[in-house]
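Colleague: Next comes the sequence, and after it the predicted model I'd like to discuss.
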Amino acid sequence: MTTKQTVPEQATPEQALIQTIQARLGEISMGQDLGGHFLGDDAAWNPETRTVTTTDLLVEGQHFDTGYFSLSDIGWKAMAVNYSDIAAMGAYPDSALVSLGLPKTSTNQDINALYDGIIDALKHFGGQVIGGDTVGAPCWIVNVCMSGKLRPQDAPGFRSGAQAGDIIMSTGFHGLSALGLWAYQTLGKTAAESRFPVATAHHRRPTPQLKAGQLLSQLAGEKILPHYSLMDSSDGLADAVLQLCSKSSHSESGKFLAGTIEEARIPVHPELTAAKDAFPELSLLDLVLYGGEDFELVATVPKTLSENAKHTKELAQLLAQLWKYFQPIGYISPEESTLLESTLLHSSGDRSRLDSGYIFNHFSGEAGLRS
């Protein structure tokens, strides 16, 4: 039986497409018989095998430009975006299938260069390539399908785990990848990499936050955290908060979670500050909130630990490690709302609505901050 899916008011084109596919499939391949989470999270979760599976498709001109991406960079990024999905489930990388669309001008040397990046990523983050496919194409296309595993004692991370009153937290810095892209497009490769070395490297070779995700799944699995939600920020910090609230809401009862990002608590990298000082036309908040492609983790956790948590030296070490990876950046309102709406609390005390219209559109290749 196919059930009607209601598209949230703030759904992006990609989210709306996913919901259309969900509605078309109905209960076929939805995983209810396994108790699994298939469509709608960063990866599909199969509780019988305790495995997660994800895939990402990178297309030249849409996800990378060979004017400033080396083939090795492309190989690395193709793997990194999949590792990030594995991280967002709290899992450990296992195996990958790599399929390539090759332009007519590609050579064996080109393939080796691309695989240099893939191998670099494998050495850094683990797993193995077990197969794939190749086909001629009008441009470079790289598709990776990756699986991961959770340990028996760990609890997977889902977007639907947020609750009213939770803390919103994130890893790393947001806006660096968008700054790197802007610098390449505006200043050219040499000047961009000289002036903004961290941002341009972050754009070409993001670092998936596997250990941070694994720590959350461990804390939840050991019942130290009574619940948590988790996803990566591939489409931006604002998108992650909007999605965690949407997926965790009880829309059938007209009750929605409302998230608040506090401007004063968002970590800002010095290169972003320097860019804003040198180029006043840049909106630092737009880069941070809507830039995307940072592949950090965004999570929600309760303010208090589980009642079963025993305050030991080991627990203190685990929590210290958690706050080493994550920075609190906001909160889920303690009361549910009748609107699916999240906001930015400015340092001035004013509020503005997080706008899904600024989130990167995978089909037009545009985002509000770039238009």
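Modeller: Arrived safely, thanks for sending.

Colleague: When you work out contacts or count neighbours from here on, use the C-alpha atoms and nothing else.
Modeller: Fine.

Colleague: helix, strand or coil for residue 239?
Modeller: What DSSP: H, G, I helix; E, B strand; the rest coil gives for residue 239 is helix.

Colleague: what's the answer for residue 104, then?
Modeller: Residue 104 is classified as coil under three-state DSSP.

Colleague: what number of residues lie near the nearest residue to it once chain neighbours are set aside?
Modeller: Leaving aside its sequence neighbours, residue 104 sits nearest to residue 136 (CA to CA, 6 or more residues apart in numbering; 6.8 Å). By the criterion of other CA atoms under 10 Å, residue 136 has 13 neighbours.

Colleague: Would you mind measuring from residue 136 to residue 336?
Modeller: Using CA to CA, to the nearest Å, we find residue 136 at a distance of 51 Å from residue 336.

Colleague: and what of residue 156?
Modeller: 25 Å.

Colleague: Settle it for me: which of the two has more neighbours?
Modeller: residue 156 (27 against 19).

Colleague: what's residue 300 sitting at in phi/psi?
Modeller: phi -120, psi 140 (degrees, to the nearest 10).

Colleague: Residue 331: what secondary structure?
Modeller: Strictly by three-state DSSP, residue 331 counts as strand.

Colleague: Use 808 as the first number from now on
Modeller: OK, 808 is where the count begins now, so the last one is residue 1138.

Colleague: Could you check how many residues crowd around it?
Modeller: 22.

Colleague: bridging residues for it?
Modeller: residue 974, residue 1067 (DSSP bridges).

Colleague: Spit out the contact partners of it.
Modeller: Going by CA atoms under 8 Å, 6 or more residues apart in numbering, residue 1138 touches 972, 973, 974, 975, 1066, 1067, 1068, 1107.

Colleague: Same check on residue 1128?
Modeller: By CA under 8 Å, 6+ apart, the contact list for residue 1128 is empty.

Colleague: With just CA atoms, put the helix or strand hosting it into CSV.
Modeller: Assigned by DSSP states H and E, residue 1128 belongs to helix 1120-1132. Below are the C-alpha coordinates for helix 1120-1132, written out as CSV (Å, rounded to 0.1, in the frame of the first residue of the first chain):
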residue,chain,number,x,y,z
LYS,A,1120,36.9,8.0,35.6
GLU,A,1121,36.3,6.2,32.3
LEU,A,1122,33.0,8.1,31.8
ALA,A,1123,34.7,11.4,32.6
GLN,A,1124,37.3,10.6,29.9
LEU,A,1125,34.6,9.8,27.3
LEU,A,1126,32.7,13.0,28.0
ALA,A,1127,35.9,15.0,27.8
GLN,A,1128,36.5,13.4,24.4
LEU,A,1129,33.0,14.2,23.3
TRP,A,1130,33.5,17.9,24.0
LYS,A,1131,36.8,17.8,22.3
TYR,A,1132,35.0,16.8,19.1
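
Colleague: Just the buried residues of it, please?
Modeller: 1125, 1129, 1132 (16 or more other CA atoms under 10 Å).

Colleague: quick one: the second one and residue 1021 touch, right?
Modeller: In this case it means residue 1129. No. In this structure residue 1129 lies outside contact range of residue 1021 using CA atoms under 8 Å: 10.3 Å.

Colleague: one step back: okay, the residue nearest to residue 911: pLDDT?
Modeller: Note on residue 943: pLDDT of 97.

Colleague: One more: residue 1112?
Modeller: At residue 1112, pLDDT is 83.

Colleague: if I've got this straight, it is in a helix?
Modeller: No. Residue 1112 is assigned coil when assessed by three-state DSSP, not a helix.

Colleague: Please verify my assumption that it contacts residue 1031.
Modeller: Yes. With contacts counted by CA under 8 Å, residue 1112 reaches residue 1031, the gap being 5.8 Å.

Colleague: When the two are compared, which one has more neighbours?
Modeller: residue 1031 (20 against 17).

Colleague: Does the more buried one touch residue 1118 like I think?
Modeller: No. Using CA under 8 Å, residue 1031 is not in contact with residue 1118, being 9.8 Å away.

Colleague: Overlap in contacts, the two.
Modeller: In contact with both residue 1031 and residue 1118: no residue, using CA under 8 Å, 6+ apart.

Colleague: ok, back up a step: and the residue nearest to residue 911, what are its phi and psi?
Modeller: Torsion angles, degrees, to the nearest 10, at residue 943: phi -70, psi 150.
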